[in-house]
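Peer 1: fold the following, please.
(chains A and B)
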Amino acid sequence: MTSTLPRWAWPPALFGALFVLLPLAAVLVRVDPSTFLALISAPSSLSALRLSLVTAACSTVLCLLLGVPLALVLSRSRIPGPALSLLRALLLIPLVLPPVVGGLALLFTVGRQGLLGGPLQALGLQVAFSTAAVVLAQTFVALPFLVLTLEGALRSTGGGAERAAAALGARPTRVLLGVTLPGVLPALASGTVLSFARALGEFGATITVAGSLEGTTRTLPLEIYLLRETDPDAAVALSLLLVLVALVVILLAHRRARG
Amino acid sequence: MSRRTVPALAAALAGALLLGGCSGSSSDTAGASDAGGSTTLTVFAAASLKSSFEEIATDFEADHPGVDVQLSFAGSSDLVTQIGQGAPADVLATADTATMDQAVEQELVTGTPQDFATNTLTIAVPAGNPAGITDLASLAEPGVQLVLCAPQVPCGRAAEKVEESAGVTLSPVSEEQSVTDVLGKVTSGEADAGLVYVTDAASAGDAVEQIDLPEAKAAVNTYPLAVVAGTSQEELATEFTQEVLGERGQEVLAAQGFQAP
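Peer 2: Numbers count the residues shown, from 1 in each chain, chains lettered A, B, ... in the order given. Prediction:
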(Lines give C-alpha, C1' and ligand atoms only; values in the text may rest on other atoms or scores of the structure.)
Protein backbone atom coordinates (compact mmCIF):
# COMPACT_ATOMS: atom_id res chain seq x y z
CA MET A 1 0.00 0.00 0.00
CA THR A 2 1.43 3.40 -0.90
CA SER A 3 1.54 5.91 1.92
CA THR A 4 -0.14 9.25 1.38
CA LEU A 5 1.84 10.71 4.24
CA PRO A 6 4.32 13.32 2.95
CA ARG A 7 7.80 12.61 4.29
CA TRP A 8 8.35 16.17 5.47
CA ALA A 9 5.67 15.63 8.11
CA TRP A 10 7.93 13.29 10.08
CA PRO A 11 10.49 15.69 11.61
CA PRO A 12 7.93 18.23 12.91
CA ALA A 13 5.73 15.35 14.10
CA LEU A 14 8.72 13.94 15.97
CA PHE A 15 9.42 17.34 17.51
CA GLY A 16 5.75 17.62 18.41
CA ALA A 17 5.81 14.26 20.17
CA LEU A 18 9.01 15.17 22.04
CA PHE A 19 7.49 18.51 23.00
CA VAL A 20 4.72 16.65 24.85
CA LEU A 21 6.63 13.61 26.06
CA LEU A 22 9.84 15.22 27.32
CA PRO A 23 8.18 17.22 30.14
CA LEU A 24 6.25 14.09 31.14
CA ALA A 25 9.51 12.15 31.22
CA ALA A 26 11.02 14.95 33.32
CA VAL A 27 8.27 14.39 35.90
CA LEU A 28 8.91 10.67 35.81
CA VAL A 29 12.65 10.96 36.50
CA ARG A 30 12.02 13.35 39.38
CA VAL A 31 9.88 10.77 41.19
CA ASP A 32 11.70 8.77 43.83
CA PRO A 33 10.35 5.21 43.46
CA SER A 34 11.18 4.31 47.06
CA THR A 35 8.92 7.02 48.51
CA PHE A 36 6.31 7.18 45.72
CA LEU A 37 3.85 4.78 47.32
CA ALA A 38 4.15 6.35 50.76
CA LEU A 39 3.64 9.84 49.33
CA ILE A 40 0.57 9.02 47.24
CA SER A 41 -1.04 6.98 50.02
CA ALA A 42 -0.86 9.80 52.58
CA PRO A 43 -4.36 10.53 53.93
CA SER A 44 -4.46 14.01 52.38
CA SER A 45 -3.39 12.59 49.00
CA LEU A 46 -5.99 9.84 49.05
CA SER A 47 -8.67 12.28 50.11
CA ALA A 48 -7.73 14.60 47.23
CA LEU A 49 -7.70 11.70 44.75
CA ARG A 50 -11.11 10.47 45.92
CA LEU A 51 -12.58 13.96 45.72
CA SER A 52 -11.11 14.47 42.25
CA LEU A 53 -12.54 11.21 40.90
CA VAL A 54 -15.98 11.75 42.43
CA THR A 55 -16.33 15.39 41.33
CA ALA A 56 -14.95 14.70 37.84
CA ALA A 57 -17.44 11.82 37.46
CA CYS A 58 -20.34 14.03 38.59
CA SER A 59 -19.21 16.79 36.21
CA THR A 60 -19.01 14.33 33.32
CA VAL A 61 -22.58 13.15 33.97
CA LEU A 62 -23.72 16.79 34.07
CA CYS A 63 -21.82 17.45 30.85
CA LEU A 64 -23.65 14.56 29.18
CA LEU A 65 -27.07 15.64 30.47
CA LEU A 66 -26.56 19.21 29.28
CA GLY A 67 -24.11 18.75 26.43
CA VAL A 68 -25.90 16.12 24.33
CA PRO A 69 -29.11 18.20 23.98
CA LEU A 70 -26.99 21.29 23.29
CA ALA A 71 -25.07 19.53 20.52
CA LEU A 72 -28.38 18.28 19.06
CA VAL A 73 -29.88 21.75 19.03
CA LEU A 74 -26.73 23.25 17.49
CA SER A 75 -26.58 20.65 14.72
CA ARG A 76 -30.23 19.80 14.00
CA SER A 77 -32.40 22.79 14.92
CA ARG A 78 -33.88 25.24 12.43
CA ILE A 79 -32.42 28.30 14.13
CA PRO A 80 -31.22 30.64 11.32
CA GLY A 81 -27.49 30.43 10.50
CA PRO A 82 -26.12 33.69 11.92
CA ALA A 83 -28.00 33.29 15.21
CA LEU A 84 -26.77 29.72 15.44
CA SER A 85 -23.15 30.75 14.81
CA LEU A 86 -23.41 33.38 17.51
CA LEU A 87 -24.97 30.91 19.94
CA ARG A 88 -22.24 28.36 19.25
CA ALA A 89 -19.50 30.96 19.70
CA LEU A 90 -20.97 32.07 23.03
CA LEU A 91 -21.36 28.51 24.30
CA LEU A 92 -17.75 27.71 23.50
CA ILE A 93 -16.34 30.75 25.32
CA PRO A 94 -15.27 28.71 28.38
CA LEU A 95 -12.84 26.95 26.03
CA VAL A 96 -10.77 30.09 25.54
CA LEU A 97 -11.47 31.82 28.85
CA PRO A 98 -8.69 31.57 31.46
CA PRO A 99 -10.19 29.20 34.07
CA VAL A 100 -9.68 31.77 36.82
CA VAL A 101 -11.97 34.14 34.88
CA GLY A 102 -14.50 31.32 34.63
CA GLY A 103 -14.25 30.93 38.40
CA LEU A 104 -14.86 34.64 38.93
CA ALA A 105 -17.82 34.53 36.55
CA LEU A 106 -19.31 31.64 38.51
CA LEU A 107 -18.68 33.49 41.76
CA PHE A 108 -20.56 36.49 40.37
CA THR A 109 -23.39 34.09 39.54
CA VAL A 110 -23.81 31.78 42.54
CA GLY A 111 -21.78 33.68 45.17
CA ARG A 112 -23.45 35.42 48.08
CA GLN A 113 -23.29 38.76 46.29
CA GLY A 114 -23.90 37.09 42.92
CA LEU A 115 -26.77 37.19 40.46
CA LEU A 116 -28.46 34.13 41.98
CA GLY A 117 -26.99 34.66 45.46
CA GLY A 118 -30.21 36.02 46.99
CA PRO A 119 -32.56 33.27 45.79
CA LEU A 120 -30.01 30.56 46.64
CA GLN A 121 -29.62 31.89 50.17
CA ALA A 122 -33.38 32.10 50.57
CA LEU A 123 -33.45 28.38 49.76
CA GLY A 124 -30.72 27.82 52.34
CA LEU A 125 -28.18 26.83 49.70
CA GLN A 126 -24.58 27.91 50.12
CA VAL A 127 -22.66 27.09 46.94
CA ALA A 128 -19.30 28.82 47.48
CA PHE A 129 -16.79 26.70 49.43
CA SER A 130 -18.83 23.52 48.85
CA THR A 131 -18.15 20.38 46.82
CA ALA A 132 -21.04 21.47 44.58
CA ALA A 133 -18.97 24.51 43.63
CA VAL A 134 -16.14 22.18 42.51
CA VAL A 135 -18.56 20.26 40.26
CA LEU A 136 -19.95 23.53 38.93
CA ALA A 137 -16.48 24.83 38.06
CA GLN A 138 -15.46 21.57 36.40
CA THR A 139 -18.67 21.33 34.38
CA PHE A 140 -18.29 24.93 33.24
CA VAL A 141 -14.86 24.34 31.73
CA ALA A 142 -15.48 20.77 30.51
CA LEU A 143 -18.87 21.19 28.79
CA PRO A 144 -17.55 22.78 25.57
CA PHE A 145 -15.31 19.76 24.94
CA LEU A 146 -18.32 17.45 24.81
CA VAL A 147 -20.48 19.85 22.81
CA LEU A 148 -17.75 20.57 20.26
CA THR A 149 -16.85 16.91 19.68
CA LEU A 150 -20.42 15.70 19.43
CA GLU A 151 -21.68 18.57 17.29
CA GLY A 152 -18.88 18.02 14.77
CA ALA A 153 -19.83 14.35 14.44
CA LEU A 154 -23.56 15.10 14.21
CA ARG A 155 -22.99 17.59 11.40
CA SER A 156 -20.99 15.18 9.30
CA THR A 157 -23.28 12.15 9.64
CA GLY A 158 -26.75 10.84 9.73
CA GLY A 159 -28.94 13.42 7.99
CA GLY A 160 -30.14 10.99 5.26
CA ALA A 161 -30.75 8.00 7.53
CA GLU A 162 -32.61 10.21 10.00
CA ARG A 163 -34.88 11.62 7.30
CA ALA A 164 -35.52 8.12 6.01
CA ALA A 165 -36.44 6.89 9.49
CA ALA A 166 -38.71 9.90 9.97
CA ALA A 167 -40.33 9.35 6.59
CA LEU A 168 -41.05 5.78 7.63
CA GLY A 169 -42.97 7.18 10.58
CA ALA A 170 -40.46 7.11 13.45
CA ARG A 171 -41.02 9.85 16.03
CA PRO A 172 -38.10 12.27 16.71
CA THR A 173 -37.16 10.55 20.01
CA ARG A 174 -37.16 7.19 18.31
CA VAL A 175 -34.97 8.57 15.49
CA LEU A 176 -32.60 10.04 18.06
CA LEU A 177 -32.20 6.84 20.07
CA GLY A 178 -32.35 4.40 17.15
CA VAL A 179 -30.45 6.22 14.41
CA THR A 180 -28.72 9.44 15.46
CA LEU A 181 -26.94 8.48 18.68
CA PRO A 182 -25.74 5.03 17.55
CA GLY A 183 -24.17 6.76 14.55
CA VAL A 184 -22.11 9.14 16.69
CA LEU A 185 -21.23 6.76 19.50
CA PRO A 186 -17.43 7.03 19.01
CA ALA A 187 -17.63 10.84 19.10
CA LEU A 188 -19.86 10.68 22.17
CA ALA A 189 -17.30 8.45 23.88
CA SER A 190 -14.31 10.63 23.03
CA GLY A 191 -16.24 13.77 24.01
CA THR A 192 -17.06 12.16 27.35
CA VAL A 193 -13.42 11.21 27.95
CA LEU A 194 -12.23 14.68 26.97
CA SER A 195 -14.62 16.37 29.37
CA PHE A 196 -13.74 13.93 32.17
CA ALA A 197 -10.03 14.59 31.62
CA ARG A 198 -10.60 18.34 31.55
CA ALA A 199 -12.66 18.14 34.77
CA LEU A 200 -9.97 16.04 36.45
CA GLY A 201 -7.30 18.61 35.67
CA GLU A 202 -9.42 21.67 36.56
CA PHE A 203 -7.59 24.12 38.81
CA GLY A 204 -8.15 27.83 38.24
CA ALA A 205 -11.93 27.99 38.32
CA THR A 206 -12.07 25.59 41.28
CA ILE A 207 -9.68 27.52 43.52
CA THR A 208 -11.50 30.76 42.66
CA VAL A 209 -15.10 29.70 43.27
CA ALA A 210 -14.72 26.74 45.65
CA GLY A 211 -11.67 27.59 47.73
CA SER A 212 -9.44 24.85 49.07
CA LEU A 213 -10.27 22.58 52.00
CA GLU A 214 -9.17 19.00 52.47
CA GLY A 215 -11.93 16.50 51.74
CA THR A 216 -14.43 19.14 50.62
CA THR A 217 -12.96 21.20 47.82
CA ARG A 218 -9.24 20.39 47.64
CA THR A 219 -8.96 18.26 44.50
CA LEU A 220 -5.73 16.66 43.30
CA PRO A 221 -4.53 19.67 41.25
CA LEU A 222 -5.12 21.98 44.24
CA GLU A 223 -3.30 19.57 46.56
CA ILE A 224 -0.35 19.49 44.14
CA TYR A 225 -0.24 23.28 43.99
CA LEU A 226 -0.28 23.52 47.79
CA LEU A 227 2.28 20.76 48.42
CA ARG A 228 4.69 22.42 46.01
CA GLU A 229 5.18 25.05 48.76
CA THR A 230 6.55 22.68 51.36
CA ASP A 231 7.05 19.24 49.87
CA PRO A 232 8.08 19.31 46.19
CA ASP A 233 8.70 15.53 46.22
CA ALA A 234 5.10 14.83 47.22
CA ALA A 235 3.88 17.33 44.61
CA VAL A 236 5.82 15.48 41.91
CA ALA A 237 4.55 12.09 43.10
CA LEU A 238 0.95 13.32 42.97
CA SER A 239 1.52 14.84 39.53
CA LEU A 240 2.58 11.42 38.27
CA LEU A 241 -0.49 9.90 39.89
CA LEU A 242 -2.71 12.39 38.05
CA VAL A 243 -0.99 11.56 34.75
CA LEU A 244 -1.47 7.83 35.38
CA VAL A 245 -5.16 8.21 36.25
CA ALA A 246 -5.74 10.29 33.11
CA LEU A 247 -3.88 7.74 30.99
CA VAL A 248 -5.89 4.81 32.35
CA VAL A 249 -9.19 6.60 31.75
CA ILE A 250 -8.27 7.56 28.18
CA LEU A 251 -7.06 4.04 27.29
CA LEU A 252 -10.13 2.38 28.81
CA ALA A 253 -12.50 4.70 26.97
CA HIS A 254 -10.73 4.16 23.65
CA ARG A 255 -10.93 0.40 24.04
CA ARG A 256 -14.59 0.55 24.92
CA ALA A 257 -15.39 2.91 22.07
CA ARG A 258 -13.74 0.56 19.56
CA GLY A 259 -15.06 -2.66 21.04
CA MET B 1 20.89 15.42 -0.23
CA SER B 2 17.76 14.22 -1.98
CA ARG B 3 15.01 16.56 -3.02
CA ARG B 4 12.68 15.11 -0.46
CA THR B 5 14.84 15.69 2.56
CA VAL B 6 15.19 19.40 1.84
CA PRO B 7 11.61 20.33 2.83
CA ALA B 8 11.97 18.12 5.90
CA LEU B 9 15.09 19.94 7.06
CA ALA B 10 13.50 23.27 6.22
CA ALA B 11 10.50 22.44 8.40
CA ALA B 12 12.75 21.47 11.31
CA LEU B 13 14.79 24.63 10.92
CA ALA B 14 11.69 26.80 10.74
CA GLY B 15 10.45 25.24 13.98
CA ALA B 16 13.74 25.89 15.74
CA LEU B 17 13.86 29.49 14.51
CA LEU B 18 10.28 30.10 15.58
CA LEU B 19 11.00 28.82 19.10
CA GLY B 20 14.13 30.93 19.31
CA GLY B 21 12.38 34.00 18.00
CA CYS B 22 9.53 33.75 20.49
CA SER B 23 11.79 33.38 23.50
CA GLY B 24 14.07 36.25 22.54
CA SER B 25 12.15 39.03 24.24
CA SER B 26 12.29 37.65 27.77
CA SER B 27 16.08 37.77 28.07
CA ASP B 28 16.52 41.49 27.59
CA THR B 29 14.48 42.51 30.64
CA ALA B 30 16.57 40.85 33.32
CA GLY B 31 19.86 39.85 31.77
CA ALA B 32 21.04 42.90 29.87
CA SER B 33 22.69 44.85 32.65
CA ASP B 34 25.31 46.73 30.63
CA ALA B 35 23.29 47.60 27.56
CA GLY B 36 23.07 51.28 26.69
CA GLY B 37 24.91 52.45 29.81
CA SER B 38 21.98 51.64 32.14
CA THR B 39 22.18 48.99 34.84
CA THR B 40 19.32 46.73 35.82
CA LEU B 41 18.95 45.56 39.40
CA THR B 42 16.44 42.74 39.78
CA VAL B 43 14.66 42.48 43.12
CA PHE B 44 12.54 39.44 44.02
CA ALA B 45 10.14 40.35 46.84
CA ALA B 46 7.21 38.77 48.66
CA ALA B 47 3.79 39.77 47.30
CA SER B 48 2.87 41.70 50.46
CA LEU B 49 5.78 44.10 49.83
CA LYS B 50 4.40 45.33 46.49
CA SER B 51 3.36 48.90 47.34
CA SER B 52 6.26 49.62 49.68
CA PHE B 53 9.01 48.20 47.47
CA GLU B 54 7.68 50.05 44.43
CA GLU B 55 8.07 53.28 46.36
CA ILE B 56 11.51 52.33 47.72
CA ALA B 57 12.66 51.37 44.20
CA THR B 58 11.58 54.77 42.86
CA ASP B 59 13.59 56.53 45.60
CA PHE B 60 16.57 54.29 44.90
CA GLU B 61 16.46 54.99 41.16
CA ALA B 62 16.32 58.74 41.83
CA ASP B 63 19.56 58.48 43.85
CA HIS B 64 21.25 56.18 41.35
CA PRO B 65 21.03 57.65 37.84
CA GLY B 66 21.26 54.97 35.17
CA VAL B 67 20.00 52.25 37.48
CA ASP B 68 16.74 50.54 36.62
CA VAL B 69 15.18 48.47 39.41
CA GLN B 70 13.09 45.57 38.13
CA LEU B 71 10.67 44.24 40.75
CA SER B 72 9.21 40.76 40.68
CA PHE B 73 6.53 39.90 43.24
CA ALA B 74 5.28 36.42 44.12
CA GLY B 75 4.76 34.11 47.09
CA SER B 76 8.00 33.73 49.07
CA SER B 77 8.32 29.98 48.37
CA ASP B 78 7.82 30.59 44.66
CA LEU B 79 10.59 33.19 44.66
CA VAL B 80 13.04 30.81 46.34
CA THR B 81 12.11 28.05 43.87
CA GLN B 82 12.57 30.41 40.93
CA ILE B 83 16.03 31.52 42.11
CA GLY B 84 16.94 27.86 42.70
CA GLN B 85 16.03 27.17 39.08
CA GLY B 86 18.30 29.95 37.89
CA ALA B 87 16.01 32.96 37.63
CA PRO B 88 18.13 36.11 37.42
CA ALA B 89 17.77 38.03 40.68
CA ASP B 90 20.10 40.30 42.65
CA VAL B 91 18.12 40.81 45.87
CA LEU B 92 15.65 38.51 47.64
CA ALA B 93 13.14 39.68 50.26
CA THR B 94 10.80 37.08 51.79
CA ALA B 95 7.75 37.32 54.05
CA ASP B 96 9.09 35.00 56.73
CA THR B 97 12.36 33.65 58.06
CA ALA B 98 11.49 30.00 57.33
CA THR B 99 11.53 30.60 53.56
CA MET B 100 14.72 32.66 53.78
CA ASP B 101 16.29 29.82 55.78
CA GLN B 102 15.58 27.52 52.83
CA ALA B 103 17.38 29.97 50.52
CA VAL B 104 20.35 30.06 52.94
CA GLU B 105 20.40 26.26 53.14
CA GLN B 106 20.48 25.94 49.34
CA GLU B 107 23.25 28.59 49.28
CA LEU B 108 21.15 30.84 47.04
CA VAL B 109 22.05 34.01 48.99
CA THR B 110 25.32 35.48 50.28
CA GLY B 111 25.99 36.79 53.78
CA THR B 112 23.54 36.75 56.66
CA PRO B 113 19.97 37.81 55.78
CA GLN B 114 18.91 40.99 57.57
CA ASP B 115 15.48 41.54 59.10
CA PHE B 116 13.89 44.75 57.84
CA ALA B 117 10.22 44.63 58.93
CA THR B 118 7.59 42.71 60.86
CA ASN B 119 3.93 42.15 60.19
CA THR B 120 1.13 40.71 62.32
CA LEU B 121 -2.22 39.15 61.56
CA THR B 122 -5.53 40.89 61.98
CA ILE B 123 -9.16 39.94 61.41
CA ALA B 124 -10.57 41.31 58.18
CA VAL B 125 -14.34 41.37 57.67
CA PRO B 126 -16.38 42.70 54.72
CA ALA B 127 -17.58 46.31 55.03
CA GLY B 128 -20.47 46.39 57.49
CA ASN B 129 -19.31 43.24 59.28
CA PRO B 130 -22.40 41.16 58.30
CA ALA B 131 -21.58 38.28 60.66
CA GLY B 132 -21.01 40.55 63.66
CA ILE B 133 -17.44 39.40 64.36
CA THR B 134 -16.01 40.90 67.55
CA ASP B 135 -12.90 38.92 68.41
CA LEU B 136 -10.97 35.69 67.84
CA ALA B 137 -13.48 33.58 69.80
CA SER B 138 -16.39 34.77 67.66
CA LEU B 139 -14.65 33.39 64.59
CA ALA B 140 -15.20 29.88 65.96
CA GLU B 141 -18.97 30.31 66.24
CA PRO B 142 -21.08 28.02 64.05
CA GLY B 143 -22.22 29.46 60.74
CA VAL B 144 -19.34 31.88 60.40
CA GLN B 145 -17.73 31.50 56.96
CA LEU B 146 -14.10 31.84 57.96
CA VAL B 147 -11.24 31.72 55.44
CA LEU B 148 -7.60 31.20 56.42
CA CYS B 149 -4.32 30.57 54.66
CA ALA B 150 -3.24 26.92 54.39
CA PRO B 151 -0.72 25.90 57.11
CA GLN B 152 1.84 25.28 54.34
CA VAL B 153 2.22 29.01 53.55
CA PRO B 154 3.60 31.71 55.90
CA CYS B 155 0.26 33.40 56.71
CA GLY B 156 -1.25 29.99 57.53
CA ARG B 157 1.64 29.09 59.83
CA ALA B 158 1.08 32.39 61.63
CA ALA B 159 -2.65 31.69 61.96
CA GLU B 160 -1.89 28.27 63.46
CA LYS B 161 0.41 29.85 66.05
CA VAL B 162 -2.28 32.34 67.02
CA GLU B 163 -4.82 29.50 67.43
CA GLU B 164 -2.43 27.47 69.57
CA SER B 165 -1.42 30.30 71.85
CA ALA B 166 -5.02 31.44 72.35
CA GLY B 167 -6.32 27.89 72.82
CA VAL B 168 -8.96 28.37 70.12
CA THR B 169 -9.75 25.86 67.39
CA LEU B 170 -10.91 27.46 64.16
CA SER B 171 -12.63 25.52 61.40
CA PRO B 172 -12.30 27.47 58.17
CA VAL B 173 -14.45 26.80 55.12
CA SER B 174 -11.36 27.22 52.96
CA GLU B 175 -7.59 27.21 53.37
CA GLU B 176 -6.25 29.46 50.66
CA GLN B 177 -2.93 29.48 48.89
CA SER B 178 -1.95 33.04 49.70
CA VAL B 179 -2.98 35.93 51.88
CA THR B 180 -4.24 37.85 48.86
CA ASP B 181 -6.62 34.95 48.09
CA VAL B 182 -7.99 35.21 51.64
CA LEU B 183 -8.41 38.96 51.27
CA GLY B 184 -10.16 38.45 47.92
CA LYS B 185 -12.73 36.13 49.50
CA VAL B 186 -13.41 38.74 52.21
CA THR B 187 -13.59 41.82 49.93
CA SER B 188 -16.00 39.96 47.61
CA GLY B 189 -18.22 39.20 50.62
CA GLU B 190 -18.06 35.42 50.09
CA ALA B 191 -16.38 34.97 53.47
CA ASP B 192 -17.56 36.50 56.74
CA ALA B 193 -14.04 36.89 58.02
CA GLY B 194 -10.43 36.08 57.26
CA LEU B 195 -7.07 36.31 58.97
CA VAL B 196 -4.77 38.55 56.92
CA TYR B 197 -1.76 40.75 57.62
CA VAL B 198 -2.32 44.25 58.94
CA THR B 199 -0.71 45.62 55.76
CA ASP B 200 -3.09 43.67 53.51
CA ALA B 201 -6.13 44.85 55.41
CA ALA B 202 -4.84 48.42 55.12
CA SER B 203 -4.33 48.07 51.37
CA ALA B 204 -7.93 46.91 50.84
CA GLY B 205 -9.24 50.32 51.92
CA ASP B 206 -12.98 50.66 52.54
CA ALA B 207 -13.83 47.19 51.23
CA VAL B 208 -12.87 45.58 54.53
CA GLU B 209 -12.97 46.45 58.21
CA GLN B 210 -10.30 45.43 60.70
CA ILE B 211 -11.11 43.79 64.02
CA ASP B 212 -8.34 44.00 66.62
CA LEU B 213 -6.56 40.76 67.26
CA PRO B 214 -4.38 41.10 70.39
CA GLU B 215 -3.62 37.36 70.22
CA ALA B 216 -1.64 38.03 67.01
CA LYS B 217 1.36 38.98 69.13
CA ALA B 218 2.03 35.25 69.37
CA ALA B 219 2.88 35.13 65.69
CA VAL B 220 4.92 38.07 64.50
CA ASN B 221 6.18 37.56 60.95
CA THR B 222 9.69 38.81 60.32
CA TYR B 223 10.72 39.88 56.81
CA PRO B 224 14.38 39.27 55.94
CA LEU B 225 16.27 40.28 52.80
CA ALA B 226 19.62 39.22 51.36
CA VAL B 227 21.83 39.58 48.31
CA VAL B 228 21.47 36.69 45.88
CA ALA B 229 24.57 34.51 45.47
CA GLY B 230 26.43 34.87 42.19
CA THR B 231 24.99 38.29 41.32
CA SER B 232 27.13 40.34 38.96
CA GLN B 233 26.37 43.52 40.91
CA GLU B 234 26.87 42.72 44.54
CA GLU B 235 27.73 46.29 45.45
CA LEU B 236 24.57 47.79 43.99
CA ALA B 237 22.48 44.98 45.51
CA THR B 238 23.98 45.68 48.94
CA GLU B 239 23.17 49.38 48.49
CA PHE B 240 19.56 48.46 47.80
CA THR B 241 19.33 46.41 51.00
CA GLN B 242 20.75 49.42 52.88
CA GLU B 243 18.08 51.62 51.30
CA VAL B 244 15.39 49.27 52.66
CA LEU B 245 17.01 49.12 56.11
CA GLY B 246 17.75 52.86 56.14
CA GLU B 247 15.61 55.64 57.52
CA ARG B 248 13.80 56.45 54.27
CA GLY B 249 12.99 52.82 53.48
CA GLN B 250 11.74 52.21 57.01
CA GLU B 251 9.44 55.24 56.77
CA VAL B 252 7.88 53.88 53.57
CA LEU B 253 7.34 50.48 55.21
CA ALA B 254 5.83 52.04 58.35
CA ALA B 255 3.39 54.03 56.21
CA GLN B 256 2.12 50.72 54.77
CA GLY B 257 1.50 49.30 58.23
CA PHE B 258 4.73 47.35 58.73
CA GLN B 259 6.47 47.48 62.09
CA ALA B 260 10.23 47.78 62.64
CA PRO B 261 12.00 44.49 63.35
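Peer 1: only C-alpha atoms for contact and neighbour calcs from this point on.
Peer 2: Will do.
Peer 1: residue numbers of the stretch 51-200 of chain B in contact with chain A?
Peer 2: B:77-78, B:150, B:152-153, B:173-177, B:188-190 (CA under 8 Å from any CA of the partner chain).
Peer 1: I'd assumed B:Phe60 was in a helix, is it?
Peer 2: Yes: assessed by DSSP: H, G, I helix; E, B strand; the rest coil, B:Phe60 belongs to a helix.
Peer 1: report the contact partners of it.
Peer 2: B:Phe240, B:Glu243 (CA atoms under 8 Å, 6 or more residues apart in numbering or on different chains).
Peer 1: so where is the stretch 1-150 of chain A shaky, pLDDT-wise?
Peer 2: Low-confidence segments of the stretch 1-150 of chain A, defined by pLDDT under 70: A:1-2.
Peer 1: in it, what residue is nearest chain B?
Peer 2: Residue of the stretch 1-150 of chain A nearest chain B, by CA to the nearest CA: A:Trp8 (4.1 Å).
Peer 1: what about that residue, neighbour count?
Peer 2: 17 (other CA atoms under 10 Å in any protein chain shown).
Peer 1: that's a strand at it, yeah?
Peer 2: No: using three-state DSSP, the assignment for A:Trp8 is helix, not a strand.
Peer 1: count of neighbours near B:Ser52?
Peer 2: Using other CA under 10 Å, B:Ser52 is surrounded by 20 other residues.
Peer 1: actually A:Ser77, sorry about that
Peer 2: Look at A:Ser77: counted by other CA under 10 Å, it has 10 neighbours.
Peer 1: can you give me the strands for the stretch 51-200 of chain A?
Peer 2: Under the criterion DSSP state E, counting those that start in this stretch, strands are not mapped anywhere in the stretch 51-200 of chain A.
Peer 1: mind listing the helices for it?
Peer 2: Under the criterion DSSP state H, counting those that start in this stretch, helices of the stretch 51-200 of chain A are mapped to A:81-91, A:93-96, A:99-110, A:117-122, A:131-156, A:159-167, A:172-175, A:181-183, A:185-200.
Peer 1: in JSON lines, list those along with distance to chain B.
Peer 2: As requested, the helices of the stretch 51-200 of chain A are arranged in JSON lines below (distance: least, CA to the nearest CA, whole Å):
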{"stretch": "helix A:81-91", "distance to chain B": "26"}
{"stretch": "helix A:93-96", "distance to chain B": "21"}
{"stretch": "helix A:99-110", "distance to chain B": "9"}
{"stretch": "helix A:117-122", "distance to chain B": "10"}
{"stretch": "helix A:131-156", "distance to chain B": "11"}
{"stretch": "helix A:159-167", "distance to chain B": "40"}
{"stretch": "helix A:172-175", "distance to chain B": "43"}
{"stretch": "helix A:181-183", "distance to chain B": "39"}
{"stretch": "helix A:185-200", "distance to chain B": "20"}
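Peer 1: so can I have CSV of those helices showing distance to B:Gly132 and mean neighbour count?
Peer 2: CSV is the format used below for those (distance: least, CA to CA, whole Å; neighbours: other CA atoms under 10 Å in any protein chain shown):
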stretch, distance to B:Gly132, mean neighbour count
helix A:81-91, 41, 12
helix A:93-96, 38, 14
helix A:99-110, 23, 20
helix A:117-122, 18, 14
helix A:131-156, 26, 24
helix A:159-167, 62, 14
helix A:172-175, 55, 14
helix A:181-183, 56, 16
helix A:185-200, 38, 23
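Peer 1: for the ones you listed, give me JSON lines that also has distance to B:Leu121.
Peer 2: Below are these laid out as JSON lines (distance: least, CA to CA, whole Å):
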{"stretch": "helix A:81-91", "distance to B:Leu121": "43"}
{"stretch": "helix A:93-96", "distance to B:Leu121": "37"}
{"stretch": "helix A:99-110", "distance to B:Leu121": "26"}
{"stretch": "helix A:117-122", "distance to B:Leu121": "30"}
{"stretch": "helix A:131-156", "distance to B:Leu121": "29"}
{"stretch": "helix A:159-167", "distance to B:Leu121": "65"}
{"stretch": "helix A:172-175", "distance to B:Leu121": "61"}
{"stretch": "helix A:181-183", "distance to B:Leu121": "58"}
{"stretch": "helix A:185-200", "distance to B:Leu121": "35"}
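Peer 1: good, wrapping up.
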